[in-house]
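**Q** sequence and predicted model, in that order:
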Amino acid sequence: MATGYDFRKLRRLIMIHTVVQIFFFVLLIFMAVNFQETFRAKGMPQVFLNSIIATVLIQLAIFYPIKKAAGREVEREITASAAGLTPEQLKELRKKRVFSDFIKTSIFIFFFTFIAKAPPATFVLSTTFFTFAVTALTYFQCFNFAARRAIRERS
């Protein structure tokens, strides 16, 4: 295996993930305010708090798998940034990347479909939306943290 690494692509990916995190954070705050106003107008302010609690519990349950998946992706990207990879190694890395992208796309479609089909302004809709936004934030944060640590260790 090669001894040198070119981390330009990975550093660019970290920057893109940071911008996406900011977008998701702003979207999360905006939607939280909208849901809170909607539930308060309907006379059900406790539903908002219940959806926040449910989101936190769901995040606690799925944090480890998200962290593990992000770590595996970072290791794959680190391996791909090594100098002198053979065409067979590149093909294997590409296959892993496509599979990972397929899984992420499937999760996105699941959340999108669930949010689109949920009744408007309900506990299920707010919990699903919050879980989606926080899951995306968690993934990007875990990826960036693992990538920065891996770059630091190999530099």
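**A** Nice, I can see it.
**Q** name the residues that touch stretch 11-24?
**A** Identification of contacts with stretch 11-24 by Cβ atoms under 8 Å, 6 or more residues apart in numbering yields 77, 133, 136-137, 140-141, 143-144, 147-148, 151. (C-beta placed from N, C-alpha, C; glycine too.)
**Q** which strands and helices lie in contact with the helix or strand harbouring L60?
**A** For L60, the host element (DSSP states H and E) is helix 45-80. If contacts are counted by 3 or more Cβ pairs under 8 Å, 6 or more residues apart in numbering; DSSP states H and E, helix 45-80 sits against helix 8-41, helix 87-117, helix 123-154.
**Q** what residue in this structure is the furthest from its centre?
**A** G43 (33.2 Å; Cα atoms, centre = their mean).
**Q** helix, strand, or coil at it?
**A** Following DSSP: H, G, I helix; E, B strand; the rest coil, G43 is assigned to coil.
**Q** and it, backbone torsions?
**A** In terms of degrees, to the nearest 10, the main-chain angles of G43 are phi 80, psi 20.
**Q** by mean pLDDT, flag the weakest helix or strand of this protein.
**A** Every helix and strand of the chain was ranked by mean pLDDT, DSSP states H and E. The lowest is helix 87-117, at a mean of 93.
**Q** you'd agree S51 is up against T122?
**A** No - using Cβ atoms under 8 Å, S51 makes no contact with T122, being 9.0 Å away.
**Q** looking at the two, which one has more neighbours?
**A** Using other Cβ atoms under 10 Å as the criterion, S51 and T122 rank with S51 on top: 24 against 17.
**Q** show me the shaky parts of the chain.
**A** 1-3 (pLDDT under 70).
**Q** rerun at 80
**A** Per-residue confidence for the chain (pLDDT under 80) gives these ranges: 1-3, 121.
**Q** follow-up on the earlier one: report the distance from the least confident helix or strand of the chain to the chain centre.
**A** Averaging C-alpha positions (Cα atoms, centre = their mean, to the nearest Å) puts helix 87-117 12 Å from its chain's average.
**Q** with stretch 145-152 instead?
**A** How far stretch 145-152 lies from its chain's middle: 17 Å, per Cα atoms, centre = their mean.
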